[in-house]
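> Pasting the sequence and the predicted coordinates here, then a few questions.
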Amino acid sequence: MSEERDFELVKKLNPAKIVIPVVIGLALVAWLISREISREMLSHLQLTWKSVFWLFMAICFMVGRDLGYMIRIRILSENDLAWRQAFRVVMLWEFTSAITPSTVGGTAVAVVFIHKEGISVGRSTSIVLATSFLDELYFVIMFPLILLIVGKDVLFTTSLQGTGPALLNNLVIVAVIGYSIILAWVVLIGYGLFVDPEKIRKILVWIFTLPILRKWKASAEKAGDDIISSSGELKRKPAFFWIRALTATFLSWTSRYFVVNAILLAFFTIKDHLLIFARQLITWIMMIISPTPGGSGFAEVILGRYITDVIPADPVHTVGLALTMTIIWRMISYYPYFIIGSIILPGWIQRKFVKHSLKKK
């Protein structure tokens, strides 16, 4: 991995790109507000000390999510990354994910973030692949578990008031497509990392020789090479290493999916906490196919419609109240990464690339 290529990858993360997802998200929110939110509806929301407490807890759940990520990346690096370095990597990774489509994510440049913190390219690649594998494994395990506990009818059929069966069926289809993509990725990466990396590389290269995919063949070859180089490193890890990493993953994502629960508790008396948790998880699975940066617009619409029936209010106002909760959710769980990433990235580039180049000269 050359210095020039690293710099070109990172340079694409210009903080100015924040404008795109912010404009998409805010434009859609403004349109929805004009349609769904009124003063009469907002009068149902009372800001009390209870509200302040549960909004603070929502922020704590997001902090818990990032702390879980930091713990995991330190486990995967065998503590070669200090806490401050782990924080930088996680924040830059989240910033990248926020300004790129959900289908792309921040993994491509994450190797550079870790490598520039002093980890070799090979180990950085292993850490990124292991992180991706563990994240998606969480969804592979939790989706069928949630379906079993909550039930398909409650999870999908009764969630959207007044939208009709067509949209409900579409949500099921989108969730199944998203889950299928995640499952295929876990099987592919898992088999490649722990069983036969050479075979997976051959399959990847073969798939990307198809005319419609040929333009990405070089990237597929690179991905295959990364799997081969990472396989030897990761297969040697003891079982306890993976138990710790998987535990940190479960704590991280589970903490994230209690954010909406806390926001709803700030304004309402809520009982169906498992159902709300489940619908957040399903929303995230559906976001995997969103073409917009960070799922902007898509997330607001889906979750805003998806939690209407758990809000104890007049049905006339539930859509607007659910949308308001969704806006607060995005303000806590999405937009802060823009601010933190924009603060960290310029100085990080200056230290890791500009000053490093000057020293080499």
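Right, received. Where do you want to start?
> How about stretch 220-234, which residues are buried there?
220, 223-224, 226-227, 229-231, 233-234 (16 or more other Cβ atoms under 10 Å). Heads up, the C-betas are built off the backbone N, CA and C, glycines and all.
> so what's the closest residue to Phe194 other than its chain neighbours scoring on pLDDT?
Using Cβ to Cβ, 6 or more residues apart in numbering and skipping the chain neighbours, the partner closest in space to Phe194 is Lys235 (5.9 Å). What the model reports for Lys235 is a pLDDT of 84.
> start at 176 instead
Fine by me, first position is 176 from now on; the one you just mentioned is Lys410.
> Lys410: neighbour count?
11 (other Cβ atoms under 10 Å).
> what's the closest of the buried residues of stretch 395-409 to Ile378?
Gly399 (8.5 Å; Cβ to Cβ).
> Ile382 is in contact with that closest one, correct?
No: counting by Cβ atoms under 8 Å, Gly399 stays clear of Ile382, with 10.4 Å between them.
> quick one: contacts for Arg431?
Arg431 is in contact with 236-237, 240, 455, 508, counting by Cβ atoms under 8 Å, 6 or more residues apart in numbering.
> Any stretches of the stretch 426-536 of the chain with poor pLDDT?
465-472, 491, 528-536 (pLDDT under 70).
> That one: helices as residue ranges?
Along the stretch 426-536 of the chain, counting by DSSP state H, counting those that start in this stretch, helices occupy 434-440, 448-462, 473-481, 490-508, 510-524, 530-535.
> hmm, who's touching whichever helix or strand Lys392 is part of?
Using DSSP states H and E, Lys392 sits in helix 392-410. Helix 392-410 is contacted from outside by 297-298, 300-301, 304-305, 364, 367-369, 372-373, 375-377, 379-380, 382-384, 388, using Cβ under 8 Å, 6+ apart.
> ok, now with 7 Å
Outside helix 392-410, the residues that touch it by Cβ atoms under 7 Å, 6 or more residues apart in numbering are 297-298, 300-301, 304-305, 367-369, 372-373, 375-376, 379-380, 383-384.
> Same question for stretch 293-313.
Residues contacting stretch 293-313 (Cβ under 7 Å, 6+ apart): 176, 248, 251-252, 255-256, 282, 285-286, 289-290, 357, 360-361, 364-365, 368, 401-402, 404-405, 408-409, 420-421, 424-425, 428.
> My read is that Leu256 contacts His290, right?
No: using Cβ atoms under 7 Å, Leu256 is not in contact with His290; the gap is 11.3 Å.
> distance of Arg240 from Glu253?
Distance from Arg240 to Glu253, counting by Cβ to Cβ, to the nearest Å: 22 Å.
> Which one of these two is surrounded by more residues?
Counted by other Cβ under 10 Å, Arg240 and Glu253 do not tie: Arg240 has more neighbours, with 22 against 12.
> and that one, what element?
helix 224-251.
> ok and the next helix or strand after that helix relative to helix 510-524, angle-wise?
Tracing the chain C-terminally past helix 224-251 and defining elements by DSSP H and E, one meets helix 258-274 next. Going by axes from the mean of the first three to the mean of the last three Cα atoms, to 10 degrees, helix 258-274 is angled at 120 degrees with respect to helix 510-524.
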